[in-house]
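J.: Would you be able to build a 3D model of this:
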Amino acid sequence: MAVTSIMTTEGEITAKEGANVSTALTDAMHDAWVLQAESFVNCFARDNFSDAVTAGLNADVKGIFSDIVSSMVAIQGIMYDMSGYTSRTEAEDMINVLRDGVLRNLSVLRDKKNQKFINDA
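T.: Numbers count the residues shown, from 1 in each chain. The predicted structure follows:
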């Protein structure tokens, strides 16, 4: 798989999807989900962080973006086909853990107290 992403890496996505993810997933599917997740982060934060990330954003802030985007894409990958996991419950638990991380990190991005740190990083 060769994922094209500004905010995350292929390795982070596949690690979060786990060993039982469907082998039918394609690069095109991952790329589409990455674009959707990155666009969502930019819209949610009301800033074009895709440009900021490529321009040398602080590693701490990049880590937040990477965690959000990779988790959102991994959720899509798990939901695509849960049949490879040991049970549907296992897949749903993985989704819940990833979703909770996304929500936590989105709240950090949206918190006005963090805006100066994020934008000046």
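J.: For Ser71, which non-adjacent residue is spatially closest?
T.: Nearest-residue entry for Ser71: Leu98, 4.2 Å, with adjacent residues in sequence omitted and distances by Cβ to Cβ, 6 or more residues apart in numbering. For the C-beta atoms, the positions are set from N, CA and C on the backbone; glycine is no exception.
J.: where exactly do the helices run in this structure?
T.: 10-17, 27-45, 49-54, 59-80, 88-110, 112-120 (DSSP state H).
J.: okay if I get these as CSV plus distance to Thr4?
T.: Converted to CSV, the helices of the chain look like this (distance: least, Cβ to Cβ, whole Å):
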stretch, distance to Thr4
helix 10-17, 9
helix 27-45, 5
helix 49-54, 12
helix 59-80, 12
helix 88-110, 21
helix 112-120, 24
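J.: As JSON lines, those helices with mean pLDDT and mean neighbour count would be great.
T.: Output for the helices of the chain, formatted as JSON lines (pLDDT from 0 to 100; neighbours: other Cβ atoms under 10 Å):
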{"stretch": "helix 10-17", "mean pLDDT": "93", "mean neighbour count": "19"}
{"stretch": "helix 27-45", "mean pLDDT": "90", "mean neighbour count": "17"}
{"stretch": "helix 49-54", "mean pLDDT": "68", "mean neighbour count": "17"}
{"stretch": "helix 59-80", "mean pLDDT": "92", "mean neighbour count": "21"}
{"stretch": "helix 88-110", "mean pLDDT": "94", "mean neighbour count": "15"}
{"stretch": "helix 112-120", "mean pLDDT": "70", "mean neighbour count": "12"}
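J.: Val3 is nearest to which of these?
T.: With Cβ to Cβ as the criterion, Val3 lies closest to helix 10-17 of the helices of the chain, at 4.0 Å.
J.: Tell me which residues touch the residue nearest to Ser71, please.
T.: Counting by Cβ atoms under 8 Å, 6 or more residues apart in numbering, Leu98 makes contact with 16, 71-72, 74-75, 78.
J.: What of Ile68?
T.: Here Ile68 is in contact with 7, 37, 41, 101-102, 105-106, 109 (Cβ under 8 Å, 6+ apart).
J.: Farthest pair within those?
T.: Longest span within these, Cβ to Cβ: Met7 and Gly101, 14.5 Å.
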